[in-house]
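Participant: Build me a structure from this.
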Amino acid sequence: MAMLPVEGGSNSSDQSVPGGNEAQAREKLLPRNYEDILKFALENTNPEEASHEPMSEERKKWLNQALAGMFTDEVKILKGKLEELSDILKSNREEDEERKENLLEYIVDLCDRIDNAKDLIKLDGWKVISRCLDDKSAEVRWRALEVAGTILQNNVYVQDCLLKEGAMKKFMKMADEDDSDLVKVKAIFALSCHIREHNASEIAFVKADGFSCLMRAMQSNNQKIQIKSTFLLKALLISQPEFKDGAQQIGMVQQLTGLLNTEHNAAHEHIAAALLCLVTEHPAAIADCRLPRLNLKKLLENRMTLIKDREEFQEEHQYCQDLLTMVFMSGNHDNKSSADR
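Facilitator: A predicted model of the protein is given here:
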């Protein structure tokens, strides 16, 4: 089991006595697992002075004892951090905002390991983290969403649990309504981690009018929000091609085309990829692309001219080429596109 330093444990007194900030700073500098120790050793060893002689049994014993003294069970530390955070939330003091942020950062580092993410749920930690989603501080809210995304990512156990808890609807509401763009970005990140590669969550998202949620996110002036929402749309359509019907019926072709018809920016590569994915093997979406009022053919041709020979936009150029071929050249409507690769 990966281990953590004792000083990073559940003792919440660091912040309540003079020198608490210094203690917290020291805690962040200490190695949190054996990988950190190896990194520290490599960075602080002079190769010319290093000994290549076999380690004696006495030295091995000393080293093992030293490591055992430095480290303790991560689950115990996680439990302590959650308890500390819960206590702070109950006190609801404005001066505790930085402590909440620091604790959430520590928890997200712990939960980067899948077993710890499961343990957070088993420890009823989600009840604590979910309370942070309603915090008045955007800094706390986005960090809580980062914890949510981290524990959900590629973790079926957590995805199952949070689906039952109804966390998805909270993430959708925050992506729609929060007044902080960074919180919205992290809400879409949490949604993506909740949904991707989890069939039940994908279906629940679509039933909850998730495509409309993504459409609203795409209309943001924030490029990160646009990129994350279109990336999630593409992932859903690849995972569940039958979802294309619903996306097409609510006007997703018109939405994506309209976004492409704005001043060129970094989000357009992802928008073009999502549109290409939607029209692939979907005649109704192709028919929408051919609507004269969209003027998509000219838009794509102009875009290809604009980004021609610019290496950073070669993928977008390929998506535009594939769209032109698939939509406006007969006999190619059923081809697999580059957006599916």
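Participant: In contact with Met252: list those residues for me.
Facilitator: Residues counted as contacts of Met252 (CB atoms under 8 Å, 6 or more residues apart in numbering) are Phe211, Met215, Leu233, Leu278, Ala285. Where you see a C-beta, it was placed from the backbone N, CA and C, and this is true even at glycine.
Participant: Nearest residue to Leu300 in space, please, no chain neighbours.
Facilitator: Nearest non-adjacent residue to Leu300, counting by CB to CB, 6 or more residues apart in numbering: Cys320, 4.7 Å away.
Participant: returning to that earlier point: for the contacts of Met252, which one is nearest Arg59?
Facilitator: Distance to Arg59, by CB to CB, is smallest for Leu233 among the contacts of Met252, at 57.4 Å.
Participant: List the contacts of whichever strand or helix holds that closest one.
Facilitator: Remark: Leu233 resides in helix 223-239, with elements defined by DSSP states H and E. For helix 223-239, contacts defined as CB under 8 Å, 6+ apart pick out 181, 184-185, 188-189, 191-192, 195-197, 202, 205-206, 210-211, 214, 217-218, 220, 243-244, 247, 252, 256, 259, 265-267, 270-271, 273-274, 277-278, 339-340.
Participant: can you pick the most crowded of the contacts of Met252?
Facilitator: Leu233 (28 neighbours; other CB atoms under 10 Å).
Participant: ok, now how distant is that one from Glu53?
Facilitator: Distance, Leu233 to Glu53, using CB to CB, to the nearest Å: 59 Å.
Participant: that older thread, name the helices or strands packed onto the following helix or strand past the helix holding Leu233?
Facilitator: Downstream of helix 223-239, the first helix or strand assigned by DSSP H and E is helix 244-249. Applying 3 or more CB pairs under 8 Å, 6 or more residues apart in numbering; DSSP states H and E, one finds that helix 244-249 contacts helix 223-239, helix 268-279, helix 283-289.
Participant: how far is helix 244-249 from where the chain is centred?
Facilitator: Here helix 244-249 is found 25 Å from its chain centre; the criterion is CA atoms, centre = their mean, to the nearest Å.
Participant: avg pLDDT for the next helix-or-strand element following that helix?
Facilitator: As assigned by DSSP H and E, the chain's next helix or strand after helix 244-249 is helix 252-260. Helix 252-260 comes out with an average pLDDT of 98.
Participant: mind starting the numbering at 10 from now?
Facilitator: Sure, I'll start numbering at 10, so the last one becomes helix 261-269.
Participant: Could you tell me the angle between helix 261-269 and helix 232-248?
Facilitator: Inter-element angle recorded for helix 261-269 and helix 232-248: 150 degrees (by axes from the mean of the first three to the mean of the last three CA atoms, to 10 degrees).
Participant: Tabulate the CA atom coordinates of helix 261-269 in CSV.
Facilitator: Extracted in CSV, the C-alpha atoms of helix 261-269 (Å, rounded to 0.1, in the frame of the first residue of the first chain):
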residue,chain,number,x,y,z
MET,A,261,-27.3,20.3,-32.4
VAL,A,262,-26.2,20.6,-36.1
GLN,A,263,-27.4,24.2,-36.2
GLN,A,264,-25.7,24.9,-32.8
LEU,A,265,-22.3,23.5,-33.9
THR,A,266,-22.4,25.2,-37.3
GLY,A,267,-23.3,28.5,-35.6
LEU,A,268,-20.3,28.2,-33.3
LEU,A,269,-18.0,27.4,-36.2
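Participant: I'd like to check the angle between it and helix 277-288, please.
Facilitator: Orientation check (the same axes, to 10 degrees): helix 261-269 against helix 277-288 gives 160 degrees.
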